[in-house]
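Engineer: the amino acid sequence is not available; the structure is as follows:
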């Protein structure tokens, strides 16, 4: 019952999906101890951050039917907010709060402006406008180098409590140092869990149901009394604010931010792939999609190296599995995935569970 | 007496074409008025002007004497103008119950509530279930609207209107394309509504026997203009209706 409230009454509705979600939850929670080493923890933190980013994208795209290219812009605003504040004001909690607050304000104003000026136009034009704004922002970020560090980005220090220089305990646990870096990981993890649950609540509120009605039939939603411009604007503003918070977490974890880490068009494409693979309009899809994609992004190359070495005597196969071809394989996986599961993994799992019942 | 709904010189032009031409007409509370006319006479366009889907080029719409000219479609809905559409207009991938519940929720003005869980608003769900019962769709509550057969979609269309509980009900050919045995569900609904005598009903309908039975008054539109208005028997018998609507050549 308690869990039901926490999940806003929106249960996974599939045994397999429940098992997958539980596995992801505990997998991420225990990563620092299960897979010692900086790399695995890095991947786990990135998964947590991208779950928030992809879920916030799903709020606009999957639930409301708004497609925006400016989603990474808000991700970048969050990351730059923290980066600029911490590098100019020093590594304090106050600076972190100021950076986060300022980033949220900028994101609020920008998303409100984009929403009010362009949500009245057709979906295609809206996408184009957001693309223009996002590109302008990216150029601005790399040109204003005095402020943003340009293409090199900004490296900065975070509050000492969150660094490996801060020991929480003189002991180690299973060979893992209990230090501030570990604390930082759990901060990112906890923030991701809370933000995801908040978004899950929003999409399962009366407001969230209206968003789905607008996605289904905007004309009829107007006719039964919903002012769709207001709802669509709220949805894209909320989506932007959650993306900003994901950016804050990214900067905090990496202690660095630059155009390629948070603003690049490649990230935009990636989050689109993650939401489609996971299943649009399901929220849980963002968890599954982000986890799968980021694991593939980080470990597919290793797997291919093994395969390539295994085929070292066979000329064609050796080249086919060369680690540099990993994007090709990701592309193939994506095409097969979309072809086999048009409703995403979550959609597919729910459908098979529903058919069985 | 003040009209529940009134249009004054209501006009809309699309380029050079006048689709609704200075229609002035008042509708008394508690009555059912049938609006008839051949295809393309401007009946649906007239409805769209009243419920706010289209903006009038000239003229006014008054609800209980208040000018609605500046009001958008959602505002008109909240003020009590309810509309069912001629071409079925549902939320296709949402369940039958959810289609109705969304209308109930709109009436309760809960749409901007972001922090409660929708399924905890039991009162909205039970109200939606009541409406489902009245349109005989209870057995299909969990099916997606797009999976319903045509007749059931028409019932759901009317159900959404019922859930809005407006003061003015506008039905645009509610029984179009329904099989013979399904029509009575909708007609009984309209009959019950009419018997309550507190709602104002506008009905666009082609079936003349239905019009004759249900209406207190008939208004005839032809080429966008109001050409006849009065008691059903008199209007149906008038030469202009025989010619304009029924397509009967009247001997000169």
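Structural biologist: Thanks, I have the structure now. Here the structure is a predicted model, which is why all the values come from computation and not from measurement. Numbers count the residues shown, from 1 in each chain, chains lettered A, B, ... in the order given.

Engineer: would you mind measuring from the residue nearest the centre of chain B to chain A?
Structural biologist: Central residue check for chain B by CA atoms, centre = their mean: the C-alpha nearest the mean position is that of residue B:170, 1.9 Å away. Between residue B:170 and chain A the computed distance is 11 Å (CB to the nearest CB, to the nearest Å). The way it works is simple: take the backbone N, C-alpha and C, and place the C-beta from them, glycine included.

Engineer: other SSEs contacting the strand or helix carrying that residue?
Structural biologist: Residue B:170 is part of strand B:168-172 when elements are defined by DSSP states H and E. On a contact count with 3 or more CB pairs under 8 Å, 6 or more residues apart in numbering or on different chains; DSSP states H and E, strand B:168-172 meets helix B:43-51, strand B:81-84, helix B:150-164, strand B:200-204.

Engineer: which of the ones you listed sits most buried?
Structural biologist: Burial among the helices and strands packed on strand B:168-172, expressed as mean neighbours by mean count of other CB atoms under 10 Å in any protein chain shown, is greatest for strand B:81-84, which shows a mean of 26.

Engineer: does any bit of it sit next to chain A?
Structural biologist: Yes - on the criterion CB under 8 Å from any CB of the partner chain, strand B:81-84 is in touch with chain A at residue B:83.

Engineer: that strand pairs with which strands?
Structural biologist: Each strand that pairs with strand B:81-84, with its direction, by DSSP bridges: strand B:168-172 (parallel).

Engineer: go through the next helix or strand after the partner strand and flag the buried ones.
Structural biologist: Helices and strands here follow DSSP H and E; after strand B:168-172, the next one along the chain is helix B:183-195. For helix B:183-195, the buried set under the neighbour-count rule, 16 or more other CB atoms under 10 Å in any protein chain shown, comprises B:183, B:185-187, B:189-190, B:193-194.

Engineer: report the angle between helix B:183-195 and strand B:168-172.
Structural biologist: Orientation note: helix B:183-195 sits at an angle of 160 degrees relative to strand B:168-172 (axes from the mean of the first three to the mean of the last three CA atoms, to 10 degrees).

Engineer: counting contacts, what elements does helix B:183-195 pack onto?
Structural biologist: Applying 3+ CB pairs under 8 Å, 6+ apart, one finds that helix B:183-195 makes contact with helix B:150-164, strand B:200-204, helix B:208-214.

Engineer: can you list the domains in chain B?
Structural biologist: Structural domains annotated on chain B: B:1-80+B:167-182+B:197-252, B:87-165, as defined by automatic domain parsing.

Engineer: which parts of the stretch 151-300 of chain A are strands?
Structural biologist: With DSSP state E, counting those that start in this stretch as the definition, the stretch 151-300 of chain A shows strands at residue ranges A:154-155, A:167-173, A:176-179, A:256-257.

Engineer: quick one: low-confidence residue ranges for the stretch 101-250 of chain B.
Structural biologist: Judged against pLDDT under 70, the low-scoring parts of the stretch 101-250 of chain B cover residues B:244-250.

Engineer: what's the closest of the domains of chain B to residue A:46?
Structural biologist: Each of those was scored for nearness to residue A:46 using CB to CB, and the closest is domain B:87-165 (28.8 Å).

Engineer: now the end-to-end length of the closest one.
Structural biologist: According to CA to CA, to the nearest Å, domain B:87-165 extends 21 Å from its N-terminal end residue to its C-terminal end residue.
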